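Asker: when you get a sec, could you give me coordinates for this:
(one chain, ligands or ions: 1)
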Amino acid sequence: MSPVVEGRGIVRDYHMPGSMMRRSTTVRALKGIDFKVEKGKTLAIVGESGSGKSTLARIVALIDAPSEGELLIDGQRVDIEAKRPGPELRSKVQMVFQNPYGSLNPRQKIGDVLTEPLIINTDTPAGERRDRARAMLEKVGLMPEHYNRYPHMFSGGQRQRIAIARALMLNPSLLVLDEPVSALDLSVQAQVLNLLADLQDEMGLTYVFVSHDLSVVRYIADEVMVISKGEAVEQASRDAIFANPTHPYTKQLFAATPVTDIEAIRARVARRKAAREAAAG
Ligand SMILES: Nc1ncnc2c1ncn2[C@@H]1O[C@H](COP(=O)(O)OP(=O)(O)OP(=O)(O)O)[C@@H](O)[C@H]1O
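Answerer: Below you'll find the predicted structure:
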């Protein structure tokens, strides 16, 4: 079976135009990144500010194109020259952003937020669109009655649930999550991470998860890729990388970041694993 997403030699250059006072320059934000993620797994991308995490996330989410390299989604090569990916590819990959306040239109009712992707990408009839949106609200721990409310009527955690619901409306196989819990309070972070873990198990979703927070990574990731200055300096399973980070940059990153509440996180991971095993019979 092919991986849900694979990147080969992904490069991204940003061209900065010159001016009277300054020559034009090119910043190479990604310097040839390779990765693959199997179905139902989570690849976490960690690294310092400016290392290229968001650039990579936007490329995987088909929002930006790489300057060089190959991206394959479900084994299908993405045409990086095309202005926009086709609708079939578009619906397979969705993105959830850090800021649930900024990513929802304050004038749009939640029902419209959720049905919009169906209107743009499918010919689903209105009644079915509404039913699917109401069912999705329940799936993310909200209520069908929330369909007629506006974003300002919800807390930060609830808004992030709405953003997740919107991302799932087209039944994607891959979610790209760029710091999806870092704007939330700690207790709310745990609830949203649990929701993401449950949705992954239930729907067989694959995640590419950008985070600077190692306790979040420890909870959610199967594989971890550490990037520094646009290069993947270390890539390994979560357990291996936390037990024995090998690259000096990874050691430095781990030493500089307190991994809070490790016991609580370990307990949650164990609970999640036990629930999975129980579900599998
Ligand atoms: N639109 C852009 N134009 C020019 N340079 C950019 C642009 N976006 C990002 N860069 C540069 O590319 C590099 C990688 O940035 P990126 O935002 O991907 O890093 P990051 O790891 O996500 O950082 P942060 O954690 O602060 O969001 C940085 O040097 C940044 O200045």
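Asker: helix or strand for the residue lying closest to Leu170 once chain neighbours are set aside, which one?
Answerer: Nearest residue to Leu170 in three dimensions, chain neighbours excluded: Ser91, at 4.0 Å (CB to CB, 6 or more residues apart in numbering). All C-beta spots, glycine's among them, are computed from the backbone N, C-alpha and C. Element membership for Ser91 (DSSP states H and E) is helix 87-92.
Asker: distance from the helix or strand following that helix to the middle of the chain?
Answerer: Going down the chain from helix 87-92, the next helix or strand is strand 93-96, by DSSP H and E. With CA atoms, centre = their mean, to the nearest Å as the basis, strand 93-96 stands 6 Å off its chain's centre.
Asker: from the contact counts, what lies against strand 93-96?
Answerer: Here strand 93-96 touches helix 53-60, helix 156-168, strand 174-178, going by 3 or more CB pairs under 8 Å, 6 or more residues apart in numbering; DSSP states H and E.
Asker: angle of the shortest one against helix 156-168?
Answerer: In this case it means strand 174-178. Counting by axes from the mean of the first three to the mean of the last three CA atoms, to 10 degrees, strand 174-178 lies at 150 degrees to helix 156-168.
Asker: quick one: closest of the helices and strands packed on strand 93-96 to the ligand.
Answerer: helix 53-60 (3.2 Å; CB to the nearest ligand atom).
Asker: the closest one - contacts with which helices or strands?
Answerer: Looks like helix 53-60 contacts strand 5-16, strand 25-37, strand 42-46, strand 93-96, strand 174-178, strand 206-210 (3+ CB pairs under 8 Å, 6+ apart).
Asker: so where's the stretch 51-200 of the chain shaky on pLDDT?
Answerer: Of all residues in the stretch 51-200 of the chain, none has pLDDT under 70.
Asker: centre-most residue in the chain?
Answerer: Central residue of the chain (CA atoms, centre = their mean): Leu177, 1.7 Å from the mean position.
Asker: distance-wise, check that residue relative to Gly127.
Answerer: 31 Å (CB to CB, to the nearest Å).
Asker: do Leu199 as well
Answerer: For Leu199 relative to Gly127 (CB to CB), the value is 25 Å.
Asker: on that earlier part again, reformat the helices and strands packed on helix 53-60 as a markdown table; add distance to Asp222.
Answerer: Below are those laid out as a markdown table (distance: least, CB to CB, whole Å):
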| stretch | distance to Asp222 |
| --- | --- |
| strand 5-16 | 13 |
| strand 25-37 | 8 |
| strand 42-46 | 5 |
| strand 93-96 | 18 |
| strand 174-178 | 14 |
| strand 206-210 | 9 |
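Asker: tell me which parts of the stretch 101-250 of the chain are close to the ligand?
Answerer: Proximity of the stretch 101-250 of the chain to the ligand (CB under 6 Å from any ligand atom) is limited to residues His212.
Asker: residue boundaries of the strands in the stretch 101-250 of the chain?
Answerer: Assigned by DSSP state E, counting those that start in this stretch, the strands in the stretch 101-250 of the chain fall at 174-178, 206-210, 223-228, 231-237.
Asker: distance to Ala133 added to these, as CSV?
Answerer: CSV is the format used below for the strands of the stretch 101-250 of the chain (distance: least, CB to CB, whole Å):
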stretch, distance to Ala133
strand 174-178, 18
strand 206-210, 22
strand 223-228, 33
strand 231-237, 37
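Asker: what pairs with the residue nearest to the centre of the chain across the strands?
Answerer: Val96, Phe209 (DSSP bridges).
Asker: give the contact list for it.
Answerer: Taking CB atoms under 8 Å, 6 or more residues apart in numbering, we find Leu177 in contact with Met95, Val96, Leu196, Tyr207, Val208, Phe209, Val210.
Asker: give the burial count for the last one, as a bare number.
Answerer: This means Val210. The local packing of Val210 (other CB atoms under 10 Å) involves 24 other residues.
Asker: hang on, it packs against Asp178?
Answerer: Yes. Counting by CB atoms under 8 Å, a contact exists between Val210 and Asp178, whose distance comes to 4.6 Å.
Asker: which residues do these two both contact?
Answerer: Lys53, Ser54, Ala57.
Asker: before I go, just wanted to say thanks for your time.
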